[in-house]
Each structure stands twice: as structure tokens, then as C-alpha cells.
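Participant: Generate coordinates for the sequence data below:
(one chain, ligands or ions: 1)
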Amino acid sequence: MTVSKLSAIANLILQSHTADEEAHAVKLLSDFYLTFLAKRTPHPSDQIELPLQGGIALSFDHAADCLQDRLRTARFIKGVYQAIQELMLRFPDQKINVLYAGCGPFATILLPVLPLFKADQLQVTLIDIHFESVKFVKELFLTLNLSSFAESIAVQDAISYRHSSPDLHMVITETMFHALLTEPQVAITTNLAPQLAEGGIFIPEEVSVEVQLTSFAREPFLTTASVPLVSADYKRSAFAMLFSLNKDLGQSSFFINQAFHSPWFKIPALKKSEPDICIFTRVKIFKTLELGLAESLITNPYCLVSMLNLHPGAFIRFIYNFSDIPSWSYQLK
Ligand SMILES: C[S@@+](CC[C@H](N)C(=O)[O-])C[C@H]1O[C@@H](n2cnc3c(N)ncnc32)[C@H](O)[C@@H]1O
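Facilitator: Residues are numbered from 1 along each chain as shown. Have a look, this model is predicted:
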């Protein structure tokens, strides 16, 4: 009964077309999970974030809250479902091996679609750094009779984790914040992408970061995750494409000493309507499934510096460093 309710919600998410439909279906998923969460006794560690060399691992509570970032949740679930189907075509005679790194307490973007498959089609490995999240997700698998899908559910650090079987067809990780700040998406991608089998799929497929000149105060910015925002699109000026994180970049030696340094760019004359240098994140989850500007907390704009502090004609370069907690900075010459 319970798992059939989950299947019905998953189907509603997969069939949703508009942002309102997506948000409504994810609200049902949230209510579903909250019935299990309500029976749990809170643990003293539930609000503890874990700083790692590569980014902060969100606490149990904070990871559970990510579900409420509704367009994010809906589109990742759709992307994961479509990607599994694609892998079944690419690897017709094999059981598809999925690694979900940073599954949180709900395995939010994978667990809902599992009842739509058979356990002989798919096996999943779930890891998270927080013991309480792993414990809770294990209980969910048991309660929902989904344990036959689970190869392993364990406490592991995805930044250094080595997958034991050679045929890893899919990696899922959503361990990011806007502009790839704070959380360890890049460190995890650079560790896990090289472990994918040839023809495997990394979810999200691509995260692009780009600098534009704009007025940050006028940019859409999602603050309450449960209220999806339709982003206003007005004129801003492209300034610099920084990089697109995907499985190939994750496998290359693109990042040197856990850092990216852009080329030098000439600072243009100040336009009153565009006083800020901001970083924009675009997330391509799978094929056409994307999260655009401020549709999610992870695609909000990030203001790096005001043009008022810079000299037109001087040169600027942008630096992303994830050797510790990921951050952006700039240098001038
Ligand atoms: C943004 S939350 C996402 C939770 C859930 N996957 C979702 O999409 O709603 C990120 C999760 O990744 C976990 N995490 C972050 N860094 C990790 C690491 N290095 N190793 C394992 N888990 C990590 C956090 O503990 C947290 O549960």
C-alpha cells in the first residue's frame, strides 16, 4: 500500500508539465516522507554540518529540507528516471549500477522512481557522510520493501570513495549550492566521474558557471524554496564563460590543485544599469531537463563584486578554489 502510494506520486512527478504541477507533486512527496520523519526521535547531531576538505556536508535537517526546493526535486527525479531508461538501452544485457553520493535521509532524487523498476534491472549503492542520514534511509528502504534494489547503503566520504565494482553506469550527486559555493559538488565530481564506465551517465550532466554584468538588486532570487519563481529575463551583458562541470571535465586535469583560474579579462566601462559582476549557474540535469536562473536555490545569482570598486581598462580574473570550503575570488592587474 505504502509503496504503491510512492509509485503514484512518482508518476505524478514524471507526468508534470508546468512549474505548478511539479511543485504540487513534490508537495505530495514531501507529505509522504514527513509521515516517516514524524515517527523518528530527533538526534543531537541533526543540525550539525560537517566541514570537509572540498566543501560542507549539510546536516541531516538541512539535507532533508532540500526536498522543499521543489522544481529542483521534480526535475532531478525526472532526469534520474530518464537516464536510467537511457542506460537500459545502452547496456541491454546488464543490471544497471547506480551510485548515489550524498543521498541524505530520503534518497530524494532516486528512491521515488525505484518502485517503477524491477530489482533485477537495477542495483543502487547509497552513500552519505552523516550516520543519521544513512540510518534513516536504510530504514526507509526496509519499510518500503525496496531493499532488494540496495547493493549497499553506507557512511562514506564521496570525495575519496572508491566504488568496488568496475561497471558503474550512473552517478548521482546533488551536493551543490549556487555558483558551486560552499558544498563539495566539484570535489565529489572529480573523484567519481573517472570511476564511471564508458558510456555511463553523471547526474547532473552539466553545471555551467558564467559571469555577467547586471544589477544584482534587480535579479530574481529564490528565497523560500517551496515557492517556485518564474525568472524574469531582462537585459544583462555576458562577460565571461568560466567552465562547465561535466563528467569529462571531472575526469580531466582541468582543475589544478583544486582550483580554477580564468584568463584575464579587460574591465569594461561602467554602465549604470549594470553595476555588478555576478556569477550565474545553469544546471543541465539530463538532456532537456534543466534548472534556469532562480528556479532553484542552486541556480540563484551570486554577486562577486561591484563595478564601482574596479577601474575600467584594468584586468580581472576569476578564481574558484575548492581545496577547502569552495569559494570565488578575483584578482586585478
Ligand atoms: C544538498 S544535500 C542533498 C540531499 C539529497 N540528495 C537531495 O537531493 O535532496 C547533500 C547531501 O550530501 C551529503 N554529502 C555532502 N558531502 C558529502 C561527502 N563528501 N560524502 C558523502 N556525503 C556527502 C550531505 O551529508 C547531504 O546529505
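
Participant: Check the burial of the closest residue to the ligand within the stretch 151-300 of the chain by counting its neighbours.
Facilitator: Each residue of the stretch 151-300 of the chain has a distance to the ligand, by CB to the nearest ligand atom, and the smallest belongs to Ala158, at 3.5 Å. Glycine gets a C-beta too; all of them are placed from N, C-alpha and C. In terms of burial, Ala158 registers 26 neighbours under the definition other CB atoms under 10 Å.

Participant: The nearest residue to it once chain neighbours are set aside and Thr189, how far apart?
Facilitator: Residue nearest to Ala158 in three dimensions, not counting chain neighbours: Ala101, with 3.7 Å by CB to CB, 6 or more residues apart in numbering. The spacing between Ala101 and Thr189, counted by CB to CB, to the nearest Å, is 9 Å.

Participant: what do these two both touch?
Facilitator: In terms of CB atoms under 8 Å, 6 or more residues apart in numbering, Ala101 and Thr189 are both contacted by the residues Thr173.

Participant: The residue of the stretch 151-300 of the chain closest to the ligand: which element?
Facilitator: Counting by DSSP states H and E, no helix or strand carries Ala158.

Participant: list the contacts for it?
Facilitator: Residues counted as contacts of Ala158 (CB under 8 Å, 6+ apart) are Ala101, Gly102, Ile127, Ile129, Thr173, Thr175, Pro184, Ile188, Asn191, Leu192.

Participant: Likewise for Thr125?
Facilitator: Listed by CB under 8 Å, 6+ apart, the contact partners of Thr125 are Asn97, Val98, Leu99, Tyr100, Ala150, Glu151, Ser152, Ile153, Ala154, His163.

Participant: before we move on, what about Ser237?
Facilitator: When contacts are counted by CB under 8 Å, 6+ apart, Ser237 touches Gln212, Leu213, Thr214, Pro268, Lys271, Glu274.

Participant: now those in a markdown table, with pLDDT and neighbour count?
Facilitator: Listed next are the contacts of Ser237 as a markdown table, based on pLDDT from 0 to 100; neighbours: other CB atoms under 10 Å:
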| residue | pLDDT | neighbour count |
| --- | --- | --- |
| Gln212 | 97 | 18 |
| Leu213 | 97 | 20 |
| Thr214 | 96 | 23 |
| Pro268 | 96 | 14 |
| Lys271 | 94 | 12 |
| Glu274 | 95 | 20 |
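
Participant: can you tell me how far the residue of the stretch 1-150 of the chain found nearest the ligand sits from Gln123?
Facilitator: The stretch 1-150 of the chain approaches the ligand most closely through Gly102 (2.4 Å), counting by CB to the nearest ligand atom. Plainly put, Gly102 is 19 Å away from Gln123 if you go by CB to CB.

Participant: swap in Lys235?
Facilitator: Distance check for Lys235 against Gln123: by CB to CB, it reads 49 Å.

Participant: So for those two, which residue has more residues nearby?
Facilitator: Neighbours were counted for Lys235 and for Gln123 using other CB under 10 Å; Gln123 has more, 17 against 7.

Participant: ok so, going back, turn the contacts of Ala158 into TSV, including neighbour count, pLDDT and secondary structure.
Facilitator: As requested, the contacts of Ala158 are exported to TSV (neighbours: other CB atoms under 10 Å; pLDDT from 0 to 100; DSSP: H, G, I helix; E, B strand; the rest coil):
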residue	neighbour count	pLDDT	secondary structure
Ala101	26	98	strand
Gly102	25	98	coil
Ile127	21	98	strand
Ile129	20	98	coil
Thr173	24	98	coil
Thr175	26	98	coil
Pro184	29	98	coil
Ile188	28	98	helix
Asn191	21	97	helix
Leu192	24	97	helix
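
Participant: before we move on, the earlier item: ok, the residue nearest to Ala158 touching Thr173?
Facilitator: Yes - in this structure, Ala101 is within contact of Thr173 by CB atoms under 8 Å, at 4.2 Å.

Participant: Which neighbours do the two have in common?
Facilitator: By the contact definition CB under 8 Å, 6+ apart, Ala101 and Thr173 are jointly contacted by Ala158, Ile188, Leu192.

Participant: could you pull out the helices for the chain?
Facilitator: In the chain, helices defined by DSSP state H lie at 2-15, 19-37, 60-65, 70-90, 131-143, 185-192, 247-251, listed in chain order.
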